[in-house]
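*Asks:* I need the structure of the sequence given here:
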Amino acid sequence: MAATAAAAFVTMAMRAMPAMPAMRTMTPQTWTPTLAEMRDSSALMTLDSGALRSEMEVLVARLGEALGGVLLSADERPVFVPGAEAALANFHQPLPERGCGAAETLEQLLRLNHEAGANTNGPRCFHFVIGGTTPAAQAADLLATAFDAMAYSWVLTPVAVQMERQALDWLKEMFGLPESFAGVMVTGATMANFTCLAAARQWWGEAQGFDVSEVGLGGAPPLPVFSSGLVHASTLKALAMLGIGRGQLRRFASDGFGRVDLAGLSRALDELRGNPAVVVVNAGE
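*Replies:* Here you go, the predicted structure:
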């Protein structure tokens, strides 16, 4: 089963935009090869690591200044900036022969986000249940980027892997789940539904007497999937990507809002006469 939740309401309050911190004079060494130089592998062998180190020192100082201003102004900045389309009007340009360098690129990114970026971290964003974070989470995210932490492998990032395992253990405690349950951190709603439905597909195949991950769904009977009337789009996407098919989903709604018709769902399960089915449970959408 997969549970999804989404909100579809946006509240935006426009206030005066705080000024972006002025750009400091920076003259770091920078590596901006031409396209021809990038195509020539021998040019990479002449790369001056000292120049990159110098450039990084300047970027770290500028980022420290800029990030503080961005994070500490989250309460005042609007969710959407008026005139964002005009600010992005000249965004798409032909591929340049030579890049402008990391420092100038950073300034352009700061300017674009200041003039056209969304403030989903602020207190007035209620869209897609993504607004807001805690200082601890924000700091940890910055650290993860700085350390280039990739939690998929203990060999690469033991700390991140152990933190993920600890978080999963705590979630099991919070929800009263057995210690034997396994889990995984995913990137969002689509991958959460994809992972849950993949596990359900594997379970369904084993109940039918075959290993879906080994032989696939070719020649298998249709996999019945039941849900309420209002199903999140990521569920439909996952059904398509997993080869189950969006058309296999049967919705049971008791009203126009999409609340589940429990009686209808119960009858459909009874009609299977003990054969397995997948039920997608939704909280909200």
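
*Asks:* Residue 110 and residue 59: what is the separation?
*Replies:* For residue 110, the distance to residue 59 equals 12 Å [Cβ to Cβ, to the nearest Å]. All C-beta spots, glycine's among them, are computed from the backbone N, C-alpha and C.

*Asks:* swap in residue 184?
*Replies:* Applying Cβ to Cβ, the value for residue 184 to residue 59 is 34 Å.

*Asks:* Give me the more crowded residue out of those two.
*Replies:* In this view residue 184 and residue 59 are compared by other Cβ atoms under 10 Å, and residue 59 has more residues nearby, 17 against 11.

*Asks:* So the more buried one: helix, strand or coil?
*Replies:* Using DSSP: H, G, I helix; E, B strand; the rest coil, the structure places residue 59 in helix.

*Asks:* just residue 226 next, same as before
*Replies:* Assigned with three-state DSSP, residue 226 falls in the strand class.

*Asks:* Same check on residue 91?
*Replies:* Under three-state DSSP, the three-state class of residue 91 is coil.

*Asks:* Quick check: it touching residue 115?
*Replies:* No. Using Cβ atoms under 8 Å, residue 91 is not in contact with residue 115, being 10.8 Å away.

*Asks:* Neighbour count for these two, which is higher?
*Replies:* residue 115 (16 against 9).

*Asks:* Residue 177: neighbouring residues, count only.
*Replies:* Count around residue 177 with other Cβ under 10 Å applied: 13.

*Asks:* how about it, what does it touch?
*Replies:* residue 171 (Cβ atoms under 8 Å, 6 or more residues apart in numbering).

*Asks:* quick one: which helix or strand includes it?
*Replies:* Here residue 177, judged by DSSP states H and E, is contained in no helix and no strand.

*Asks:* any idea how far residue 55 lies from residue 105?
*Replies:* To residue 105, residue 55 is 11 Å away according to Cβ to Cβ.

*Asks:* out of the two, which sits in the busier spot?
*Replies:* residue 55 (18 against 14).

*Asks:* residues of the one helix or strand the more buried one maps to that come out buried?
*Replies:* Assigned by DSSP H and E, residue 55 belongs to helix 49-72. Neighbour counts over helix 49-72 (16 or more other Cβ atoms under 10 Å) mark 55, 58, 59, 62, 66, 70 as buried.

*Asks:* Right, I'll call it a day here.
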